[in-house]
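In: Curious how this folds, go ahead:
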Amino acid sequence: GASWITSHVLAVDQDQVLILALELAQEEMSAFGHVLIVGAGIFGASTALELARLGHRVTIVDRSQDGYACENASSHDLNKIVRSDYMDAHYRDLGKKAIELWRSHPLYAPYFHEVGIFFYSGVPASNEEPWLRNGVENAIKPIQGAYEFGKHTERPMARTIKSPLEAMHVFPERLRPHLGEALTSFDKQVGYLNPQAGWVEARNATFAVLDEAKRLGVEVVSDASIVELVFASSSSSSSSTQAKPRVCGAVTSNGRTIHADRVVLAAGCWTPSLLETLHVPLKKPILRPSAHCVLTLKIQPDVARLFHGSPVTFNMDTGMYTFEPNPDGILKCAIHGLGSSSPDPRDSTTPAFPHANTNPHVSQMLKHIQAMFPVLQMDGPNKNMDVYYTRFCWYCDTADENFLIDFHPDVDNLLVASGDSGHALKFLPLMGRLITSKLLHIENDSALAPDMGLSAYQRRVFSFEHHMHADKTVNTSMPIDYIRIGSTPPAHVPQPKL
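Out: This next block holds a predicted model:
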């Protein structure tokens with residue numbers, strides 16, 4: 001069996017951490033050298049990269065034509081929010097570490113836009129709102145090894161926004177004359193600006209991670225899916241009394257058999273249905289796909305320039321969030337809510353994403369974006385934008401929004417990495433470390449969210465055991481965070497303990 005390796009690593013730079021992890025995992029590497037990963041999204045690509053850095057042979061299988069994350073995958077997107085002001089201490093600390101890598105690491109920094117995020121109530125509200133009070137506090141709180149510890153005061157800090165004038169000054173000066181009543185009538189609203197946040201080019205960053213993995217020798221099998229798991233014969237088992245079948249590879253849809261020492265299933269919202277197809281289904285629906293409407297607008301260059309450097313906006317009443325236009329003049333907005341069970345990803349027969357043209361959220365978002373920024377005109381003599389496309393983005397939800405990173409309870413050698421719950425991409429620089437640490441049994445109880453290795457808290461909340469009982473032990477209306485519309489934040493969030 002695999003050896004359990006415990007590391008007590010303090011925060012050092014990334015290369016030192018990975019070298020130490022390699023030394024600690026030598027016995028594991030002798031036990032399995034080839035890892036098969038199903039899915040090239042953020043979970044799969046980042047894991048492939050970390051394993052390749054540690055010297056493993058890695059093969060990724062993805063159903064896309066080019067081997068990158070499929071067009072209808074959630075990581076194949078224009079942009080995603082990056083922030084660390086979680087009410088949950090674990091994801092807060094993890095977010096701060098991720099932001100430091102987004103800023104400083106040459107692989108990730110080109111895709112990070114640290115323009116800040118502006119949360120506002122959208123309706124009259126109290127300064128005692130939990131999301132306001134806790135958001136500012138958690139945004140400011142430093143942790144060792146993140147935000148250039150000891151230098152964090154050199155960066156602008158989160159602050160509450162209490163007046164129309166303060167709200168206007170959240171935005172670039174050239175845009176202020178064009179703000180609408182939705183943002184300027186702030187007398188009874190509340191909000192806060194967290195400058196140490198922003199957005200990332202989701203698709204480009206995910207693709208860059210896979211490119212780096214390929215440079216290090218990772219093999220990518222494209223235009224293929226997994227149709228069957230390969231199991232070791234009982235005679236080759238190290239123990240005749242072993243109760244669970246042992247996975248030793250998989251068969252692809254084009255007939256290729258890929259033998260591997262471990263298999264990582266990282267198929268996003270297709271994970272639960274794929275487990276059913278492979279005859280290792282989840283005993284409970286702990287992973288639930290949900291569909292979310294996304295609207296993109298193509299804006300004329302002279303108008304798009306007005307928005308450059310604008311923070312991400314998030315309306316706490318409606319759940320609508322907006323990004324500044326990207327370099328191609330495309331502005332994305334969406335609603336971060338509970339989503340819908342339709343369309344179902346199992347019904348998706350092509351890699352293309354399903355359009356959301358008839359979804360009522362489209363007209364609602366169009367109306368609201370023009371109330372926020374009246375300069376944006378869809379028709380008339382001053383027309384300067386068009387709908388570019390709409391789409392559904394699928395989350396793979398867990399009951400409390402913790403990720404699932406654990407070995408399948410019914411078979412050996414199959415690791416399931418899923419449960420993005422609509423907030424995983426911001427952790428791309430760290431996600432591969434989390435999954436690799438579980439795969440290699442690297443433990444590290446030196447911090448709540450260590451740089452390498454899993455803490456006792458992480459091992460618990462990422463586990464099948466936790467998720468199997470999450471709907472009983474956790475009120476599903478109280479997830480780890482407060483910004484998903486349709487959920488009610490608790491007045492007090494218990495702080496996790498190591």
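In: Would you confirm that Pro301 contacts Pro327?
Out: No: with contact defined as CB atoms under 8 Å, Pro301 does not reach Pro327; the gap is 10.1 Å. All C-beta atoms are positioned from the backbone trio N, CA, C, and that covers glycine.
In: low-scoring pLDDT stretches of this protein, where are they?
Out: Confidence mapping of the chain against pLDDT under 70 gives the ranges 1-32, 144-153, 234-242, 472-479, 482-483, 485-498.
In: tell me the helices in it, going along the chain?
Out: 14-24, 26-31, 42-53, 89-104, 130-140, 164-168, 181-184, 202-215, 271-277, 301-304, 360-372, 428-439, 456-461, 464-473 (DSSP state H).
In: Relative to the whole chain's centre, how far out is the third one?
Out: The chain centroid and the centroid of helix 42-53 are separated by 14 Å, computed with CA atoms, centre = their mean, to the nearest Å.
In: which other helices and strands contact it?
Out: strand 34-38, strand 57-61, helix 202-215, strand 414-418, helix 428-439 (3 or more CB pairs under 8 Å, 6 or more residues apart in numbering; DSSP states H and E).
In: just to revisit the earlier point, of the helices of the chain, give the one that comes closest to Gly116.
Out: Nearest to Gly116 among the helices of the chain is helix 130-140; the distance by CB to CB comes to 10.0 Å.
In: quick one, phi psi at the residue positioned nearest the centre of the chain?
Out: Ranked by distance to the mean C-alpha position of the chain (CA atoms, centre = their mean), the top residue is Ala424 at 1.4 Å. Note on Ala424: backbone dihedrals following degrees, to the nearest 10 are phi -90, psi -30.
In: What about the closest residue to it other than its chain neighbours, how many residues nearby?
Out: Leaving aside its sequence neighbours, Ala424 sits nearest to Ile42 (CB to CB, 6 or more residues apart in numbering; 6.1 Å). Ile42: 29 surrounding residues under other CB atoms under 10 Å.
In: Distance of Ile42 relative to Leu78?
Out: 15 Å (CB to CB, to the nearest Å).
In: same deal with Val218?
Out: Taken as CB to CB, the span from Val218 to Leu78 is 25 Å.
In: and the two? which has more neighbours close in?
Out: Shown here are Val218 and Leu78; by other CB under 10 Å, Val218 has more neighbours (23 against 20).
In: tell me the contacts of the more buried one?
Out: 48-49, 52, 58-60, 210 (CB atoms under 8 Å, 6 or more residues apart in numbering).
In: of all those residues, which two lie farthest apart?
Out: Longest span within these, CB to CB: Leu49 and Thr59, 13.5 Å.
In: Looking at those two now, which is surrounded by more residues?
Out: Leu49 (28 against 20).
In: And that one, how far from Tyr111?
Out: In terms of CB to CB, Leu49 sits 15 Å off from Tyr111.
In: and what of Gln189?
Out: 32 Å.
In: can you check Trp199 too?
Out: 9 Å.
In: Show me which of the two is the more surrounded one.
Out: Trp199 (26 against 21).
In: backbone phi and psi for the residue lying closest to that one once chain neighbours are set aside, please?
Out: Spatial nearest neighbour of Trp199, excluding adjacent residues (CB to CB, 6+ apart): Asn79 at 4.6 Å. The phi/psi pair for Asn79 (degrees, to the nearest 10) reads phi -160, psi 160.
In: show me what contacts Asn79?
Out: Per CB under 8 Å, 6+ apart, neighbours of Asn79: 199-202, 323, 326, 332.
In: what would those residues look like in JSON lines with distance to Lys283?
Out: JSON lines is the format used below for these (distance: CB to CB, whole Å):
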{"residue": "Trp199", "distance to Lys283": "38"}
{"residue": "Val200", "distance to Lys283": "35"}
{"residue": "Glu201", "distance to Lys283": "38"}
{"residue": "Ala202", "distance to Lys283": "32"}
{"residue": "Phe323", "distance to Lys283": "39"}
{"residue": "Asn326", "distance to Lys283": "42"}
{"residue": "Lys332", "distance to Lys283": "37"}
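In: Among those residues, which one sits closest to Pro172?
Out: Looking across those and measuring by CB to CB, the closest to Pro172 is Phe323, at 14.1 Å.
In: In contact with that closest one, which residues?
Out: Contacts of Phe323 by CB under 8 Å, 6+ apart are 78-79, 199, 312, 331-333.
In: Nearest to Gly380 among those?
Out: Checking these one by one against Gly380 (CB to CB), the nearest turns out to be Leu331, at 18.8 Å.
In: Relative to Phe171, how far out is that closest one?
Out: Distance from Leu331 to Phe171, by CB to CB: 14 Å.
In: Could you do Ile117 as well?
Out: In terms of CB to CB, Ile117 sits 13 Å off from Phe171.
In: Which one's more surrounded, these two?
Out: Higher neighbour count among Ile117 and Phe171: Ile117, with 26 against 21, using other CB under 10 Å.
In: Give the buried residues for stretch 458-469.
Out: 458-459, 461-464, 466-467 (16 or more other CB atoms under 10 Å).
In: quick one: it to chain centroid distance?
Out: 18 Å.
In: how long is that stretch end to end?
Out: 16 Å (CA to CA, to the nearest Å).
In: contacts for that stretch?
Out: Contacts of stretch 458-469 (CB under 8 Å, 6+ apart): 90, 283-284, 286, 398-400, 402-409, 416, 419, 434, 438, 443, 449, 454, 496.
In: Keep only those of these that are in strands.
Out: 404-407, 416, 443 (DSSP state E).
In: And the furthest pair within the residues you listed?
Out: Counting by CB to CB, the most remote pair of the ones in strands among the contacts of stretch 458-469 is Val416 and Glu443, 19.1 Å apart.
In: gap between the two ends of stretch 293-308?
Out: End-to-end distance (CA to CA), stretch 293-308: 24 Å.
In: any idea how far that stretch is from the chain center?
Out: Per CA atoms, centre = their mean, the centroid offset for stretch 293-308 relative to its chain is 24 Å.
In: same thing with stretch 290-309?
Out: 21 Å.
In: Give the buried residues for that stretch.
Out: Quick answer for stretch 290-309 (16+ other CB under 10 Å): 290-299, 303-304, 306-307, 309.
In: And for stretch 183-194?
Out: Result for stretch 183-194 [16+ other CB under 10 Å]: buried residues 183, 186, 189-194.
In: hang on, the earlier thing: closest to Thr271 out of the contacts of Asn79?
Out: For the contacts of Asn79, the nearest to Thr271 is Ala202 (18.9 Å; CB to CB).
In: From His105, how far off is the closest one?
Out: Counting by CB to CB, the gap from Ala202 to His105 is 17 Å.
In: before we move on, what about His361?
Out: His361 is 35 Å from His105, by CB to CB.
In: More neighbours: which of the two?
Out: His361 (21 against 14).
In: Just want to check the distance between the more buried one and Phe207.
Out: His361 is 28 Å from Phe207, by CB to CB.
In: again with Asn72
Out: Applying CB to CB to Asn72 and Phe207 gives a distance of 15 Å.
In: Okay then, goodbye and thanks.
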